[in-house]
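K.L.:
how does the following fold in three dimensions:
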Amino acid sequence: MAMPATGTEVQETLTTLMAQKTRAFARMGVRNLFGRPGYADFFRGIAADPANRDLVHISRLDVGETAAAANLGLVHARRYYHILASYDDGPTSKYGPGAAHLHDLMAYAIGRGCNVYDFTIGDEEYKRNWSDGYVELKDHRAILTPIGAAATLPAAFVSAVKRVVKHSPRVWSWTVRARAFLGRFRHENPAG
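P.N.:
Below is the predicted model of the structure:
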């Protein structure tokens, strides 16, 4: 595992991570986090700030000249927070560089004295394979006025539908495939 030492190396690793993650978002058909105003700048800013040196952990797993996997994590109060992770989608991907890098990240967290490795939000299967527990996230909406109801009820309906879809393996599988297909179509035909 390589940990960039200079500000330039940190920014190059973040550029690689964001490019890999952007391609993964396109394959999955989900909105690119880094395309939203200020998001990429936020992550670059926290990584570049010398005051965050002990908090922010940037690393990558190199295979030859290829940055096969990259990560941005946070270390605080004996916890390692797995914030952003990516892997190269080229020939090295068939060897599981993300999983290999994860092993290195866990060893790093243990070496830093962490007793919790927090995968943060998301229900990806690899997280379930490594976890001995999870925290179920909840939505809370409080309607206080008729205008609030008009704004809140559609969002509550969408959340309820998402919850049903995600808890039905068959429907979720179809949804993921459809989303990926539509995402590839949008990516290949941006004007369409």
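
K.L.:
gap between the residue positioned nearest the centre of the chain and residue 71?
P.N.:
Centroid-nearest residue in the chain, with Cα atoms, centre = their mean: residue 84, separated by 4.3 Å. Residue 84 sits 7 Å away from residue 71, going by Cβ to Cβ, to the nearest Å. In short, each C-beta sits where N, CA and C put it, glycine included.

K.L.:
ok, back up a step: host element of the residue nearest to the centre of the chain?
P.N.:
Using DSSP states H and E, residue 84 falls within strand 79-87.

K.L.:
check residue 127 too.
P.N.:
Using DSSP H and E, residue 127 falls in helix 125-130.

K.L.:
which parts of that helix are buried?
P.N.:
Buried residues in helix 125-130, counted by 16 or more other Cβ atoms under 10 Å: residue 127.

K.L.:
do the same with stretch 55-70
P.N.:
56, 57, 58, 59, 60, 61, 67, 68, 69, 70.

K.L.:
follow-up on the earlier one: the strand holding residue 84: partners in the sheet, and parallel or antiparallel?
P.N.:
strand 66-76 (antiparallel), strand 116-118 (parallel) (DSSP bridges).

K.L.:
list the buried residues of the last one.
P.N.:
Okay, so that is strand 116-118. Neighbour-count burial for strand 116-118 flags 117, 118 (criterion: 16+ other Cβ under 10 Å).

K.L.:
chain center to it: distance?
P.N.:
15 Å (Cα atoms, centre = their mean, to the nearest Å).

K.L.:
the closest residue to residue 68 other than its chain neighbours: what's it in contact with?
P.N.:
Of all residues not flanking residue 68 in the chain, residue 97 sits nearest, at 3.5 Å (Cβ to Cβ, 6 or more residues apart in numbering). The neighbours of residue 97, taking Cβ atoms under 8 Å, 6 or more residues apart in numbering as the test, are 61, 63, 68, 69, 87, 88.

K.L.:
which residues sit in contact with the nearest residue to the last one once chain neighbours are set aside?
P.N.:
Distance criterion Cβ to Cβ, 6+ apart; nearest residue to residue 88, sequence neighbours excluded, is residue 68 at 5.0 Å. By Cβ under 8 Å, 6+ apart, the contact set of residue 68 is 60, 61, 62, 87, 88, 92, 93, 95, 97, 100, 101.
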